[in-house]
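In: Dropping the sequence and predicted coords here.
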Amino acid sequence: MALQTYTVSYSLASTPGTIVTLSNVVSFAMKCGREKQLDDYSADTAQLVIRYPTGYASPITGLVPGSLIRVKHDASNEFVYAGYISGVSVNYGIPYAGGVGNADFINISCESYYARFGRLQGFNQAISGGTFTTVATDIGTYSSLTINPQTNAATQVVSASNVVNTYGEWLSQYIRTIHGRMAQAAAVIVYGPGDIVASSASFSDTANDATNQVYDNIEFSAFGDNYYTQVTVTPTAVAAQTVQSGSAPYRSLNFNTFSSSVANAQNLANFMLSQYSTTDVQISSISCLSEAQNTFKLNNMGVPTALLIGMQVPIKFRGTTYYGIIEGYAMTATPESSRWTYYISGASLNSTLILNDTVFGKLGTGKLGY
C-alpha cells in the first residue's frame, strides 16, 4: 500500500513540446465526464493550488490562459488529466521578506479540449450527412477542431445539418443522436453504444489484490432524471417521433437529433423508452482511496491503453457481482493522499445487445439497439 504521486507540468500553446514541471503543488482536483447517463457533457475541469513563494519577484510567465496543463501519474507514466489553463488568481500573504512570500499561493483553473467547441460559433455552417467518419472530417475542416470517433461511433449514420449555434452544442446533439459518450484528452473522443471496453480489474468491498481495487464508499440510487414514460425524438431532417408507455400524465423526455430517417428516429425513441421507463435502484457511485490499494490501478482499471469513460466494470458488493459503465469520475490529491470517485450507470441502463460481450451479449437479457 503505497502513496501515489503525480507530476504537474505546463507548456505554452505556441511551444507545446517544451514541457516545464511545476513544484510546490499543494492540491489538485479534477472532474471528468458526467454523473448521470442523460446529463449533457461539459468540459472536463481541474483546479490546482501551488505555493508561489518567489512568484511576486519572479512570476512564472507561462501560467496564463491558453497554456497546456498535464497531470501525470508517476508510477504508470500515464496522464490522468490534460487540458488548458482557463483562469489564474494569486493570493499574496503576509509577511514578505527578502523577496520570498511564504504564504503566497497561485490558483489555476483548467478546462479540457471540449471547451474550444463550446466557444466556437458555427455561423450556420453546413455539415455533410453520412457516417460520422465523414461528418468528423467536415467538422475538422471548418473548425480546425479534432474529433476522434471510435469504431462503433464512426459507422453511425446521421443527416446533413447546420452548426446553428456553437460547435459544442452541435456535438452534444450528435452524441444524443447515437446515445453515445464522450471522453476528452488531446482531442474529443466519441464512443458509440457498442464501443465498450471491459476492465481487467474489479471493484471490491473486501478483496484487495492485483485484480481487485478496494473501495470504501458505495452509493445506490434511483434518479428521477433517469425515469421517463414518454420519449419524443425531434430530428432536424424528418418528422418528430413520440412513444410512450402506461397512461397520462407522462414523464416526458424530449431531445433533438440528427436522425437520418423516420425509422431511425422511432427506433431511438423506442430504445430510450425501454431503457428509462423503469425505476431501478442501482449503483451510482464508488469511491476509492489510492493509498489503500495493494496494486494501484484506479487510473485505468487495468487497461493502460483505454480511457475510463465508457469502461465496463465489475463491482463486487456483499457477495454479489454487479456490472456498470463508468460515465465520469473525479480525483482529488494532496502530497499526503489521493482519492478517486467514479460515477456509474448500472447494467439495466446499458442493456443494448452487444454480440460476443460476456455481460451485454447474453440473449434474453438485453434490449435491442437502434
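Out: Perfect, thanks for sending it. Residues are numbered from 1 along each chain as shown.
In: And the strands in the stretch 251-370 of the chain, which stretches?
Out: Taking DSSP state E, counting those that start in this stretch, the strands of the stretch 251-370 of the chain run over residues 252-257, 282-289, 311-317, 320-333, 338-346.
In: Comparing the ones you listed, which comes out most buried?
Out: The highest average neighbour count among those, using mean count of other Cβ atoms under 10 Å, belongs to strand 338-346 at a mean of 24. For glycine as for every other residue, the C-beta is placed from the backbone atoms N, C-alpha and C.
In: same for that strand, what does it pack against?
Out: On a contact count with 3 or more Cβ pairs under 8 Å, 6 or more residues apart in numbering; DSSP states H and E, strand 338-346 meets strand 282-289, strand 311-317, strand 320-333.
In: so how far is Ile309 from Gly83?
Out: According to Cβ to Cβ, to the nearest Å, Gly83 and Ile309 sit 15 Å apart.
In: repeat for Ala97
Out: Distance of Ala97 to Ile309, computed by Cβ to Cβ: 47 Å.
In: gap between the two ends of stretch 86-101?
Out: Distance between the boundary residues of stretch 86-101 (Cα to Cα, to the nearest Å) amounts to 25 Å.
In: Now it: buried residues?
Out: The neighbour-count check on stretch 86-101 (16 or more other Cβ atoms under 10 Å) flags Ser86, Val90, Gly101 as buried.
In: One more: stretch 60-71?
Out: By neighbour count with 16+ other Cβ under 10 Å, stretch 60-71 contains the buried residues Ile60, Gly62, Leu63, Ser67, Leu68, Ile69, Arg70, Val71.
In: Then stretch 186-195?
Out: Val188, Ile189, Val190, Tyr191, Gly192, Pro193, Gly194, Asp195.
In: list the helices and strands the longest helix along the chain packs on?
Out: In the chain, ranked by residue count with DSSP state H as the criterion, the top helix is helix 262-276. The elements that helix 262-276 packs onto, with contact taken as 3+ Cβ pairs under 8 Å, 6+ apart, are strand 230-235, strand 241-244, strand 252-257.
In: Strand 338-346 and that one, what's the angle between them?
Out: Interaxial angle of helix 262-276 relative to strand 338-346 (axes from the mean of the first three to the mean of the last three Cα atoms, to 10 degrees): 120 degrees.
In: Ala201 is nearest to which of the strands of the stretch 251-370 of the chain?
Out: Of all the strands of the stretch 251-370 of the chain, it is strand 311-317 that lies closest to Ala201, at 8.0 Å by Cβ to Cβ.
In: Give me the helices and strands touching that closest one, please.
Out: Other helices and strands packing on strand 311-317, by 3+ Cβ pairs under 8 Å, 6+ apart, are strand 197-198, strand 202-204, strand 282-289, strand 320-333, strand 338-346.
In: mind redoing it with 7 Å?
Out: Helices and strands touching strand 311-317, by 3 or more Cβ pairs under 7 Å, 6 or more residues apart in numbering; DSSP states H and E, are strand 197-198, strand 202-204, strand 320-333.
In: quick one: that strand to strand 282-289, angle?
Out: Going by the same axes, to 10 degrees, strand 311-317 makes 90 degrees with strand 282-289.
In: For strand 311-317, C-alpha coordinates in CSV please.
Out: Extracted C-alpha coordinates of strand 311-317, given in CSV (Å, rounded to 0.1, in the frame of the first residue of the first chain):
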residue,chain,number,x,y,z
MET,A,311,-15.4,1.3,-19.5
GLN,A,312,-17.4,-1.7,-18.3
VAL,A,313,-16.5,-2.6,-14.7
PRO,A,314,-17.5,-5.5,-12.4
ILE,A,315,-18.4,-4.3,-8.8
LYS,A,316,-18.4,-6.8,-6.0
PHE,A,317,-20.6,-6.0,-3.1
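In: now this protein, which segments are flagged as low pLDDT?
Out: Applying pLDDT under 70 to the chain flags the ranges 351-370.
In: Relative to Leu145, which of the helices and strands packed on strand 311-317 is closest?
Out: strand 320-333 (21.6 Å).
In: returning to that earlier point: nearest to Pro249, of the helices and strands packed on strand 338-346?
Out: Evaluated over the helices and strands packed on strand 338-346, closeness to Pro249 peaks at strand 282-289, with 25.5 Å, by Cβ to Cβ.
In: That closest one versus strand 320-333: what angle between them?
Out: Using the same axes, to 10 degrees: strand 282-289 against strand 320-333 is 50 degrees.
In: Give me the sheet partners of strand 282-289 and which way each runs.
Out: With DSSP bridges as the test, strand 282-289 is paired with strand 217-221 (antiparallel), strand 338-346 (antiparallel).
In: Quick one: distance of that strand to the chain centre.
Out: 16 Å (Cα atoms, centre = their mean, to the nearest Å).
In: Could you export the strands paired with strand 282-289 to JSON lines, including columns for distance to Val313?
Out: Listed next are the strands paired with strand 282-289 as JSON lines, based on distance: least, Cβ to Cβ, whole Å:
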{"stretch": "strand 217-221", "distance to Val313": "12"}
{"stretch": "strand 338-346", "distance to Val313": "7"}
